[in-house]
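Novice: what follows is a predicted structure for the sequence shown.
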Amino acid sequence: MQNHNRLILLFLALIFIISSCEFIPKGENFSEVDPNVPPPDIVLDLSFDPDTLLIDFYPFTISYSAEAGDNLVYGIFLMIGQDTLQTDWDNNGLFTFKPTTFYEEGVHDLQMDIITNTNTGSLADVAGYEFHTFEYHWTLVIEDTY
Amino acid sequence: MKTVQTSLFLGLIFLSLINYGQEINFGLQVGYGNYKMTSLQNLTQSLAAPLPSHEAAIISEYPPNVYLQAEANLTFIDNKFSIGMVASVNSTGSRVHYSDYSGSYRFDAMLSDYTLGSIFKARLFRFSKIDIKAYSEFGFSSTTLTIEEYFQIDSEIYGRRQSYDSSPAYLEPGLRANYNFGAFELGISAGYAINIGDTFTIIGNEIVILANPYTRETIVADWSGLRLGITASFRVFTLKDKK
């Protein structure tokens, strides 16, 4: 009987210690990150006159590149109005206006969106979810060359 | 049929040993174990590396933890030698956590290990009521690794939970010092577990082997490390008085 009592006590102690030795991860790490980092200065290098881009012969190729200092340029979007002409997932690109592509003769709005990271050092910044968008507009004139 | 034969064989050995045995002891050991877990530590480092302030993001990395061991022994020849069965529970894990105003990332790895093995002990010295014993354990274990991952930025949320299992073998030589109170013994134990690691596979899918996605290193359960414990044992049955 005494042995039985000992065994019951040991069994209960066993259950208690087994449950207490299970590793449960604890602790959190919250970083104070300043989200108010000023946007970078963009330096553009364009192959065309920024006042007016005149397309009077085909094929007509333009090149462009952007530098953002310590920030990373994710990509460049080139658009006419709502139509995206080209997307470059880089800090530079080339685009050729071809005779096979139809653009109405006249004056258009050529838009370039440059996407950079924010350099806040936050999780969203590192994961590429947080970015600055810089929008540029130029006057594009297409003349009938035929 | 093979299982029955093996059981009968082991049963006969046990019966023959009982014939020579003097007493049956039952013991418990509680202690602190540290665990090597090299490949799992590499995985933790790989996951934390892309995070901002990645060193602070490693909250815990397979720290030493409390283990429990139970054993039943049959002693021989004036209690100089004993053989027995031993079972133990080990647990450790890791946490990578980072959060800031923009979101949070958490990676938890929880490891639990249940071992079953044989133990052989030999008394080296006896000073008054203190016995110094050398021991060696050998056995197999069943390790379960549960991974929980959570990533949230703005309204984007990703989470997963996956369990893996592994069946490594181990060998643990060590020393024990016991103070004898008659039917009851109290002691300390120091040993080093050498693990023969085994890969992790998804529970229910033995084809998928867990590997570090950054380095392609295969992840193994490596419970190797120092074991320091306090033991308490008592005599359950006295089989023969051969003194």
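Specialist: Now that the structure is in, tell me what you want to look at.

Novice: and A:Asp109, how many neighbours?
Specialist: By the criterion of other Cβ atoms under 10 Å in any protein chain shown, A:Asp109 has 11 neighbours. Where you see a C-beta, it was placed from the backbone N, CA and C, and this is true even at glycine.

Novice: how about the closest residue to it other than its chain neighbours, what does it touch?
Specialist: Spatial nearest neighbour of A:Asp109, excluding adjacent residues (Cβ to Cβ, 6 or more residues apart in numbering or on different chains): A:His137 at 5.8 Å. Residues near A:His137 by Cβ atoms under 8 Å, 6 or more residues apart in numbering or on different chains: A:Asp109, A:Leu110, A:Gln111, A:Met112.

Novice: mind putting those residues in TSV, secondary structure and pLDDT included?
Specialist: As requested, the contacts of A:His137 are arranged in TSV below (DSSP: H, G, I helix; E, B strand; the rest coil; pLDDT from 0 to 100):
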residue	secondary structure	pLDDT
A:Asp109	strand	90
A:Leu110	strand	90
A:Gln111	strand	93
A:Met112	strand	94
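
Novice: so which of these comes closest to A:Leu85?
Specialist: The nearest member of the contacts of A:His137 to A:Leu85, counting by Cβ to Cβ, is A:Leu110 at 8.5 Å.

Novice: so the closest one versus A:Pro59, what's the distance?
Specialist: Using Cβ to Cβ, to the nearest Å, A:Leu110 is found at 17 Å from A:Pro59.

Novice: these two: which has the busier surroundings?
Specialist: Per other Cβ under 10 Å, whichever of A:Leu110 and A:Pro59 has more neighbours is A:Leu110, with 21 against 11.

Novice: how is B:Leu47 assigned, secondary-structure-wise?
Specialist: Of the three states, B:Leu47 takes helix under DSSP: H, G, I helix; E, B strand; the rest coil.

Novice: what about it, how many residues nearby?
Specialist: 21.

Novice: do the same with B:Phe120
Specialist: Other residues near B:Phe120 come to 15 when the count uses other Cβ under 10 Å.

Novice: where do the helices sit along chain B?
Specialist: Secondary structure of chain B by DSSP state H: the helices cover B:2-20, B:38-48, B:54-57.

Novice: in chain A, what helix or strand scores lowest on average pLDDT?
Specialist: Ranked by mean pLDDT, DSSP states H and E, the weakest helix or strand in chain A is helix A:2-20, scoring a mean of 73.

Novice: which strands and helices sit next to it?
Specialist: Counting contacts by 3 or more Cβ pairs under 8 Å, 6 or more residues apart in numbering or on different chains; DSSP states H and E, helix A:2-20 is packed against strand B:23-33, strand B:65-76.

Novice: okay, the longest one in PDB with CA atoms only?
Specialist: Read that as strand B:65-76. C-alpha atoms of strand B:65-76 as PDB (Å, rounded to 0.1, in the frame of the first residue of the first chain):
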ATOM      1  CA  ASN B  65      15.800  24.200 -20.700                       C
ATOM      2  CA  VAL B  66      14.500  21.900 -18.000                       C
ATOM      3  CA  TYR B  67      14.300  18.200 -18.800                       C
ATOM      4  CA  LEU B  68      12.700  15.300 -17.000                       C
ATOM      5  CA  GLN B  69      13.900  11.800 -17.000                       C
ATOM      6  CA  ALA B  70      12.400   8.600 -15.400                       C
ATOM      7  CA  GLU B  71      14.200   5.300 -15.100                       C
ATOM      8  CA  ALA B  72      13.700   1.800 -13.800                       C
ATOM      9  CA  ASN B  73      16.800  -0.200 -12.900                       C
ATOM     10  CA  LEU B  74      17.600  -3.700 -12.000                       C
ATOM     11  CA  THR B  75      20.800  -3.900  -9.800                       C
ATOM     12  CA  PHE B  76      23.300  -6.800  -9.600                       C
END
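
Novice: give me the sheet partners of it and which way each runs.
Specialist: Strand B:65-76 has the following strand partners under DSSP bridges: strand B:23-33 (antiparallel), strand B:81-100 (antiparallel).

Novice: quick one: work out the angle between that strand and helix A:2-20.
Specialist: Counting by axes from the mean of the first three to the mean of the last three Cα atoms, to 10 degrees, strand B:65-76 points 150 degrees away from the direction of helix A:2-20.

Novice: check the first one too.
Specialist: Note on geometry: by the same axes, to 10 degrees, strand B:23-33 and helix A:2-20 are set 20 degrees apart in direction.

Novice: now strand B:23-33, how far from the chain's geometric center?
Specialist: The chain centroid and the centroid of strand B:23-33 are separated by 14 Å under Cα atoms, centre = their mean, to the nearest Å.

Novice: average pLDDT across that strand?
Specialist: What strand B:23-33 shows for mean pLDDT is 89.

Novice: same question for stretch B:79-92.
Specialist: Here the average pLDDT along stretch B:79-92 is 89.

Novice: may I see the buried residues of it?
Specialist: Residues of stretch B:79-92 classed as buried: B:Asn79, B:Phe81, B:Ser82, B:Ile83, B:Gly84, B:Val86, B:Ala87, B:Ser88, B:Val89, B:Asn90, B:Ser91, B:Thr92 (neighbour count, 16 or more other Cβ atoms under 10 Å in any protein chain shown).
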